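In: with the input below, show me the fold.
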Amino acid sequence: MFTSPARSRVAVPADARDLPGDFAHVHPVAVRFSDTDAMGHVNNASYLTYAEIARLAYYEQVTGDPLPLATHGAEEGMILAEIRITYRAQAFYGETLAVETRVDRIGRTSFTMVHRLSAPASRYGPARLIAVADSVLVMYDYQDEHPIPVADGLATAIEAFEGRRLRG
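Out: Numbering: from 1, shown residues only. Okay, the predicted model is just below:
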């Protein structure tokens, strides 16, 4: 049986394209000046980095281990196969965004992860939903260059962290 971990749902005004439900993981990300563009707001590409930061923090909290990297000798790991981001509001230098993360499904060789990025009330305005993202992560054999099954230990750890069954 699963135990329910502490859940997160940062309060922002209602938005039709917001993700429903709560999240098992929340990670703060400080907006750096280098994340902004000539328009003075966070450049769209920076949100991919924010999702990546949260994804790695999620993995490390769930497993208790650093993400295995091919550059550090790992033979297997996970790769980002797909990501879609829906932008809802601007973010600015000096803000600290909350990136809420959860896994919604575990398949045979992949799993889906979603992120909800929000900003607190600041000199730039009230609390607001900044963006939502959904992605597919594939477990991968770096040496043979092909997908491999999600390890039972990882799937079990994710399900325990999320507090519910996510396979099949």
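In: Val26: neighbour count?
Out: Neighbours of Val26 under the rule other C-beta atoms under 10 Å: 21. Glycine gets a C-beta too; all of them are placed from N, C-alpha and C.
In: ok, now Thr112?
Out: Using other C-beta under 10 Å, Thr112 has 16 neighbouring residues.
In: beta partners of it?
Out: Thr112 forms beta bridges with Arg105, Val136, as assigned by DSSP bridges.
In: quick one: His27 and Ala54 touch, right?
Out: Yes - with contact defined as C-beta atoms under 8 Å, His27 and Ala54 form a contacting pair (4.5 Å).
In: neighbour count winner among those two?
Out: Ala54 (26 against 19).
In: and the nearest residue to that one once chain neighbours are set aside, how far is that from Ile53?
Out: Once flanking residues are discounted, Ala54 sits nearest to Val99: 3.9 Å by C-beta to C-beta, 6 or more residues apart in numbering. With distances taken as C-beta to C-beta, to the nearest Å, Val99 is found 7 Å from Ile53.
In: looking at these two, which one has more neighbours?
Out: Neighbours were tallied for Val99 and for Ile53 using other C-beta under 10 Å; the higher tally belongs to Val99 (27 against 14).
In: quick check: bridge partners of that one?
Out: His27, Leu117.
In: for this structure, which segments are assigned as strands?
Out: For the chain, applying DSSP state E gives strands covering 25-30, 76-87, 96-106, 110-119, 128-141, 146-147.
In: most tightly packed of those strands?
Out: strand 110-119 (a mean of 23; mean count of other C-beta atoms under 10 Å).
In: okay, the angle between it and strand 128-141?
Out: Put simply, strand 110-119 runs at 160 degrees to strand 128-141, going by axes from the mean of the first three to the mean of the last three C-alpha atoms, to 10 degrees.
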